[in-house]
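>>> I would like to see how this sequence folds:
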Amino acid sequence: MQIDKVGEVLSLEDQLFEKNPVTLDPRWREVSVGIYRLKEQLLPILDVDRLLAFEGNSKAA
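Numbering: from 1, shown residues only. Take a look at the predicted model:
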């Protein structure tokens, strides 16, 4: 995984963190630990270890 730029840095309060909702796209649920609800969008929080393991499994197939 490579990051080419950072667009915006947010400071979010811990109490606003939510577990993944059941309506979240299954592809996001596989690689995220939860979400923050922003004004007009959801912000999935990535589980980097799970994402890297997922990427490794995809390349092996």
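>>> what about the chain, any weak spots by pLDDT?
1, 54-61 (pLDDT under 70).
>>> got the residue ranges for the strands in it?
Taking DSSP state E as the criterion, the chain carries its strands at 32-37, 42-46.
>>> Distance to Asp14 for these - can I get that in a markdown table?
Placement of C-beta: from N, CA and C, glycine included. Formatted as a markdown table, those follow (distance: least, C-beta to C-beta, whole Å):
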| stretch | distance to Asp14 |
| --- | --- |
| strand 32-37 | 10 |
| strand 42-46 | 11 |
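>>> Need those strands in a markdown table (columns: distance to Asn20 and mean neighbour count).
Output for those, formatted as a markdown table (distance: least, C-beta to C-beta, whole Å; neighbours: other C-beta atoms under 10 Å):
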| stretch | distance to Asn20 | mean neighbour count |
| --- | --- | --- |
| strand 32-37 | 6 | 16 |
| strand 42-46 | 8 | 15 |
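>>> Which among those strands is found nearest to Gly7?
strand 42-46 (12.0 Å; C-beta to C-beta).
>>> Since that was my last question, I'll sign off now.
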